[in-house]
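K.L.:
let me see the structure of the following:
(2 chains, ligands or ions: 3)
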Amino acid sequence: MSTILPPTDVIWWKVPVDKSEGIWVSLALLWCLFMFAMMPIWHVYGNQNLSNEAYRTHPEVFQAKVDAMVAAHEVRRETQWNVPVVKPPVGSDVYMLGKKWQWYPALELKKDESYRLHLSSMDWQHGFSVQPININAQILPGYESVMTITPNQTGEFTIICNEYCGAGHHFMTSKIYVTE
Amino acid sequence: MSSTKSLFRTDPGSGLFFNKSAETLMKVNAITAVVFLLIGGILASLVTATRMPTLHTLPTAEFYQALTAHGIDMLIVFIIFFEMAVLYFASSTLLRARIAAPRWGWVQYILMMVGALMTNYAILKGNSSVMMTSYVPMPAEPLFYLGLILFAVGALIGCFIFFGTLVIAKEEKTYEGSVPLIVFGATVAAIIAVFTIASGAIILIPTFFWSIGVISNIDPLMYRVIWWALGHSSQQINVAAHITIWYMVAGLLFGAKPMSEKVSRMAFLLYILFLQLASAHHILVDPGVSSTWKIFNTSYAMYLAVLASMIHGLTVPGSIEVAQRMKGLNNGLFTWLQKAPWGNPVFSSMFISLVGFGFLGGISGVVMGVEQINLIIHNTIYVPGHFHATVVLGTTMAFMSATYFLLPTLFGREIFMAPLAKLQPYLFGLGMAGFAVFMMGAGTMGVARRHWDMAFTGAPYAFEYPAIAYTLMGLTGIFAAMAIVGGALFCIIAVGTLLFGKKVDSKVGFMGFRGADSYTTERPPLLERAPADTVSHKNIGIGGFVAPGTFILALAFLATFVLYYFVNWKYLSSVWGLS
Ligand code: HEM
Ligand SMILES: [Cu+2]
Ligand SMILES: [Cu+2]
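P.N.:
Ligands and ions are numbered 1, 2, ... in the order given. Sure, this is the predicted structure:
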């Protein structure tokens, strides 16, 4: 019963390790180091990395940027909530805000073009989640994060909220339309 | 209390020594834990029924309320009360020492109880449905945070009693040589607990002051980083605790020895050394933290804590294999495993815990903790899928295993409805495994966690998940139902044993408590070193491997791991470019 008894050997740390254990520890260590290396490697060679660009901001400041973009590039309004759909120039800075309980506005982007997407929250924490491709990011009030997105397929994508934000959590949807 | 006044009894079945004060504390903490498991289980059934698209039982507010309470009552209250019992057992019983400061043990218990009730009361009132993570600036009532703080202070006292008891054992020379491996494991758990509770204090005390208006603002990012130093590290306590129980069961049922004291203890130490900023893997897609920081810390510093779990994953079954082979079950690769006591719930619960934790919880956790892969998993229902595999299949089932052992030993009553107890681990284990796997599946389809309505009724833009996501959520519910029946059965068996189980001797009283006549003032004899092996390692195993079967199983584990890891990278590489 010696897992529950003091070790048999007085100098137990000098007892040699068995082969099954020794080989396993080495294999596991190699695998762990490999997995560790994969993350920096993907930053160099991979196409899906979250940028480190983020700024401190205030809800009013961010709201003003969103409003300016909507005023300049709105193409139509949709749904009973009268959501503006914005078609920003290719390569431009695009803004989207999360608030209780809406993502605002909706976007129309071009396939295989890049956009600098700015995200922030007006109140509590929200989860920016693009479906059905399932890309997810945490959105915090007071922080403006910027990620460069390059949609690689056309179609309609829905943004949902996947950070619990109160009773209307499941109302938070918006769209990203990707066209040729 | 002087040592001469301490009372002890020997349990004839296991040969363990129980100090009276410690025994009572173990009992009240363990019983309280099971009561909260029951409450958490009732809440789990409501939450699960609501998440099943066809049932959708609770209204919105009640769903989030029940979910908040389920998380807190299970992960915090049930688990930590049980861990208190484990700490008292590991220090006092295993080292044959009187417990340090037994009165403080009652302070521990009462503070934790008051704290748990306070937080539950706040949730019940309805203004604190903030989930157990209580991310600011979503506010909860002051009592919500205060309850958690009191609870944590209680737990901290429990840790110090544990350390004090270790000191007493050392000073009064109750054991020979170094402490047993599992006391070492419990010590690791307790050290991590101190770090965890300190992080909890750093974040929850200011949050409490914020909730009563003394502090005007708490930075949400800072909150997340420090909250997860509490939230993650507490999972590391659970891991250390349940691995300790695995080793204990290996020792108690098989007479197993650690394959190597050195390797197992080093692996435990790695948990402490590489714990510090493990909170990173909860912040992988947060703004304001650099990739360098994320990469270094997500894997708890270069995956070295993962390495530790992979080592225990081999050494625990390996030690059982060696013990079985030495007993003569030396044929073939897996005879030792076939001949294991599968009908004994102590063993079956422990083994399901081991396999479930490794294959389901461990692999999924490492994969979603990759900085980039987290982008396609964060906050989906994959996440609760993962942690039910770790904390329910892993920790909870290990605690169930320990309970089956303690019912006769500590409480002095034979298991009530023993045939059902044989079945219970399989029912619960299979239910939980299916539940976890199907939730992970639904998560890869994008289904959100903590979400009342996957149909988005009333939202400006309608969105429909693929049909398969609905099927997976339905299956999740069906397997959850199986786990709930298994969990209920466990509670019935545990409580039934206390009330109706056959007494092992005439001195056992109500609920397994004992009068003073069970104890003597005589000090238990010295705890001696484990006897040397009677069979040489050279005479067992195959091809120079003492545990060839376990080694093959470990390779199968590694192959699964590698495969699943790359499948996820492949999937990631197909989504939109992000930079
Ligand atoms: C039969 C047993 C159980 C079932 C059926 C069950 C079911 C569930 C379900 C359906 C969720 C909600 C997922 C979501 O919508 O986000 C959940 C959340 C959770 N469960 Fe369980 N559970 C069980 C046991 C446990 C146990 C034993 C623990 C801990 C020891 C636990 C800890 C949690 C935690 C921490 C959450 C997350 C709460 C949150 O998001 O804040 N569960 N569970
Ligand atoms: Cu939300
Ligand atoms: Cu964690």
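
K.L.:
so what pLDDT did the residue lying closest to residue B:521 once chain neighbours are set aside get?
P.N.:
Closest residue to residue B:521 apart from its sequence neighbours, by CB to CB, 6 or more residues apart in numbering or on different chains: residue B:7 at 6.1 Å. For every residue, glycine as well, the C-beta is placed using N, CA and C. Per-residue pLDDT puts residue B:7 at 94.

K.L.:
phi and psi next, for residue B:7.
P.N.:
Phi and psi for residue B:7, reported as degrees, to the nearest 10, are phi -110, psi 140.

K.L.:
residue B:484 touches residue B:46, doesn't it?
P.N.:
No. Applying CB atoms under 8 Å as the test, residue B:484 and residue B:46 come out as separate, 10.4 Å apart.

K.L.:
out of the two, which sits in the busier spot?
P.N.:
Each of residue B:484 and residue B:46 has its neighbours counted (other CB atoms under 10 Å in any protein chain shown); residue B:484 has more, 21 against 18.

K.L.:
residues in contact with that one?
P.N.:
Going by CB atoms under 8 Å, 6 or more residues apart in numbering or on different chains, residue B:484 touches B:41, B:44, B:45, B:48, B:431.

K.L.:
just the ones in helices from the residues you listed, please.
P.N.:
Using DSSP state H, B:41, B:44, B:45, B:48, B:431 are the members of the contacts of residue B:484 that sit in helices.

K.L.:
closest to residue B:451 among the residues you listed?
P.N.:
residue B:48 (13.4 Å; CB to CB).

K.L.:
how about that closest one: what's its closest non-neighbour residue?
P.N.:
residue B:480 (4.3 Å).

K.L.:
and the helix or strand that contains the one you found with ligand 1, contact?
P.N.:
Using DSSP states H and E, residue B:480 sits in helix B:467-500. Yes. Contact of helix B:467-500 with ligand 1 (CB under 6 Å from any ligand atom) involves B:480, B:483, B:484, B:487.

K.L.:
coming back round to it: do I have it right that the residue nearest to residue B:521 meets residue B:522?
P.N.:
No. Residue B:7 is not in contact with residue B:522 according to CB under 8 Å; the separation is 9.3 Å.

K.L.:
re earlier: give me the distance between the residue nearest to residue B:521 and residue B:513.
P.N.:
14 Å (CB to CB, to the nearest Å).

K.L.:
where's residue A:146, which helix or strand?
P.N.:
strand A:143-150.

K.L.:
what does that strand rub up against?
P.N.:
The contact list for strand A:143-150 (CB under 8 Å, 6+ apart) reads A:47, A:50-51, A:53-57, A:62, A:93, A:109, A:112-120, A:137, A:139, B:220-221, B:287-288, B:576-579.

K.L.:
let me know the secondary structure of the spatially most central residue of chain A.
P.N.:
Here the mean C-alpha position of chain A is nearest to the C-alpha of residue A:137 (CA atoms, centre = their mean), at a distance of 2.3 Å. Three-state assignment for residue A:137 (DSSP: H, G, I helix; E, B strand; the rest coil): strand.

K.L.:
who does it form a beta bridge with?
P.N.:
With DSSP bridges as the criterion, residue A:137 is bridged to residue A:128.

K.L.:
and what of the one 4 residues further on?
P.N.:
Applying DSSP bridges to residue A:141 yields these beta-bridge partners: residue A:121.

K.L.:
next secondary structure after the top helix by length along chain A?
P.N.:
Counting by DSSP H, the longest helix found in chain A is helix A:19-45. Once helix A:19-45 ends, the next helix or strand along the chain (criterion: DSSP H and E) is strand A:54-56.

K.L.:
partner strands of that following strand, with direction?
P.N.:
When pairing is defined by DSSP bridges, strand A:54-56 lines up against strand A:143-150 (antiparallel).

K.L.:
for the partner strand, buried residues please.
P.N.:
Neighbour-count burial for strand A:143-150, with 16 or more other CB atoms under 10 Å in any protein chain shown as criterion, is recorded at A:143, A:144, A:145, A:146, A:147, A:149, A:150.

K.L.:
give me the angle between it and strand A:135-139.
P.N.:
Going by axes from the mean of the first three to the mean of the last three CA atoms, to 10 degrees, strand A:143-150 is angled at 160 degrees with respect to strand A:135-139.

K.L.:
mind checking how far strand A:143-150 is from the chain centre?
P.N.:
Offset of strand A:143-150 from its chain centre (CA atoms, centre = their mean, to the nearest Å): 9 Å.

K.L.:
I'd like to know which elements the following helix or strand past it is packed against.
P.N.:
Following strand A:143-150 in sequence order, the next helix or strand is strand A:155-161 (DSSP H and E). The contact analysis (3 or more CB pairs under 8 Å, 6 or more residues apart in numbering or on different chains; DSSP states H and E) places strand A:155-161 against strand A:126-131, strand A:173-179.

K.L.:
ok, back up a step: could you redo the residues of helix B:467-500 next to ligand 1 as CSV and give each row pLDDT?
P.N.:
Formatted as CSV, the residues of helix B:467-500 next to ligand 1 follow (pLDDT from 0 to 100):
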residue, pLDDT
B:480, 97
B:483, 98
B:484, 97
B:487, 97
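
K.L.:
which of those sit farthest apart?
P.N.:
It's B:480 and B:487 that sit farthest apart of the residues of helix B:467-500 next to ligand 1, by CB to CB, at 9.8 Å.

K.L.:
for those two, list the residues in contact with both.
P.N.:
With CB under 8 Å, 6+ apart as the test, residue B:480 and residue B:487 both reach residue B:44.

K.L.:
how many residues are close by the nearest residue to residue B:290 once chain neighbours are set aside?
P.N.:
Excluding its sequence neighbours, the residue lying closest to residue B:290 (CB to CB, 6+ apart) is residue A:52, at 5.1 Å. Applying other CB under 10 Å, we find 16 residues neighbouring residue A:52.

K.L.:
from what I can see residue A:52 touches residue B:286, true?
P.N.:
No. In this structure residue A:52 lies outside contact range of residue B:286 using CB under 8 Å: 10.9 Å.

K.L.:
ok, back up a step: could I get the contacts of residue B:484 as CSV with pLDDT and neighbour count?
P.N.:
Formatted as CSV, the contacts of residue B:484 follow (pLDDT from 0 to 100; neighbours: other CB atoms under 10 Å in any protein chain shown):
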residue, pLDDT, neighbour count
B:41, 97, 20
B:44, 97, 23
B:45, 96, 19
B:48, 96, 22
B:431, 98, 22
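
K.L.:
just the closest of those to residue B:171, please.
P.N.:
Nearest member of the contacts of residue B:484 to residue B:171, counting by CB to CB, is residue B:41, at 42.6 Å.
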